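Trainee: for reference, the sequence and a predicted model appear below.
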Amino acid sequence: MNRFEGRVAIVTGAAQGIGRAIAERLAKEGATVAAVDINGKGAEGAAKAMGARAFAVACDIGDEGSVAALHKTVLDKCGKVDVLVNAAAIVPFVKWNDLTFAEWRRVMRVNLDGLYLMCRASSDIMRAGKYGRIVNIASNSIFAGTPNMAHYVASKGGVLTFTRSLATELGGDRITANCIAPGLTDTEGVRNSPHNEAFGFVDMLQAIKGKGTPADIVPAVAFLASEEAHWITGQTLAVDAGMVRW
Ligand code: NAD
Ligand code: 4PL
């Protein structure tokens, strides 16, 4: 399939994990991809692997100036934004007893403030272009109340509810905004954290057994980011082998 020929896509968190896999698929299907990450070197490596049309932009999505500079770069290079996938996030593992306000704010600054800043800037450009697909990455932890990440679960609940409102605000311009809610997924971030010990537990709850990988998450994102998903907005789709049903 070549669903993204002629499209310009911004993907955050593109240096590794789920964001990188999404960026690779959009590029493979013809998109010009801005691979965005606070890890500029990682984003460079990812963009190189995606071929000539992809380019890396180092950006801290929690910083308003950095997000403005990113959007200026994309507009100067590409003239429009058709697709925004917000995959960048902090995925913490912090016991409730250790959860300080500073740690709470560290996560909210990226997972919610960053999401707002990206959607604010990209949707303004999409409205001018009369086309837009926004896909935000929530988490199935918002249905499960997953332990050791209360602030993260709160932030991802906000991703879901914010996306519902964003769909309403942008619907007049025929721009869609949806979420996917992955289950525990084997990424660099998870592998280097205590979450890596939880695969056996989630497997027990999954309808389909196995360890989720970024490749398992990509198809749902690509569909919601495609032109033909035009009649779907404000929704959240769990992509987790049936661990949660709601
Ligand atoms: P990861 O930690 O492997 O990668 C996240 C990327 O985001 C990193 O490259 C990091 O540098 C980048 N990032 C962090 N802060 C940033 C900032 N301020 N500005 C720009 N980039 C920043 O994560 P992952 O496991 O691939 O997860 C990707 C997305 O999927 C996240 O939104 C996460 O919440 C969500 N998710 C992951 C899982 C899972 O089990 N892996 C499950 C459900 C949802
Ligand atoms: C079920 O989003 O959804 C661990 C780590 N376990 O980040 C997540 C579950 C994690 C999740 C998540």
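Mentor: Yes, it's here. Ligands and ions are numbered 1, 2, ... in the order given.
Trainee: which residues does the longest helix along the chain contact?
Mentor: Secondary structure of the chain per DSSP state H: the longest helix is helix 150-171. Helix 150-171 has contacts (Cβ atoms under 8 Å, 6 or more residues apart in numbering) with 86, 89-92, 94, 96, 99, 103-104, 107-108, 111-112, 115-116, 119, 123, 126-127, 132, 134, 136-139, 141-142, 145-146, 176-179, 181, 233-234, 236. (Glycine included, C-beta is placed from N, CA and C.)
Trainee: quick one: the strands in this structure?
Mentor: 8-12, 32-37, 55-58, 83-86, 133-137, 176-182, 236-239 (DSSP state E).
Trainee: does the last one reach ligand 1?
Mentor: This means strand 236-239. No: judged by Cβ under 6 Å from any ligand atom, strand 236-239 and ligand 1 are separated, with a smallest distance of 8.9 Å.
Trainee: neighbouring strands for that strand, and are they parallel or not?
Mentor: According to DSSP bridges, strand 236-239 forms sheet pairs with strand 176-182 (parallel).
Trainee: now the strand it pairs with: mean pLDDT?
Mentor: Average pLDDT, strand 176-182: 99.
Trainee: and that strand, does that touch ligand 1?
Mentor: Yes: judged by Cβ under 6 Å from any ligand atom, strand 176-182 comes into contact with ligand 1 through P182.
Trainee: residues making contact with that strand?
Mentor: Strand 176-182 is contacted by residues 18, 119, 132-140, 142-143, 156, 159-160, 163, 166-167, 170, 212, 217, 220-221, 224, 229-230, 232-240, 244 when judged by Cβ under 8 Å, 6+ apart.
Trainee: from the residues you listed, list the buried ones, please.
Mentor: 18, 119, 132-140, 142-143, 156, 159-160, 163, 166-167, 170, 212, 217, 220-221, 224, 229, 233-240, 244 (16 or more other Cβ atoms under 10 Å).
Trainee: distance of the residue most central in space within the chain from N97?
Mentor: Among the residues of the chain, A87 comes closest to the average C-alpha position under Cα atoms, centre = their mean, at 2.1 Å. According to Cβ to Cβ, to the nearest Å, A87 stands 30 Å off from N97.
Trainee: these two touch, right, V57 and H71?
Mentor: No: applying Cβ atoms under 8 Å as the test, V57 and H71 come out as separate, 9.6 Å apart.
Trainee: can you tell me, leaving aside adjacent residues, what's nearest to L205?
Mentor: By the measure of Cβ to Cβ, 6 or more residues apart in numbering, the closest residue to L205 outside its immediate chain neighbours is M243, 4.7 Å from it.
Trainee: get me the contact residues on this structure for ligand 1.
Mentor: 12-13, 15-19, 37-39, 42, 59-62, 87-91, 110, 114, 137, 139, 182, 184-185, 187-190.
Trainee: now narrow these to whatever sits close to ligand 2.
Mentor: 91, 139, 184.
Trainee: low pLDDT regions in the protein?
Mentor: Scanning the chain for pLDDT under 70 picks out no residues.
Trainee: okay, now S66: neighbour count?
Mentor: 17 (other Cβ atoms under 10 Å).
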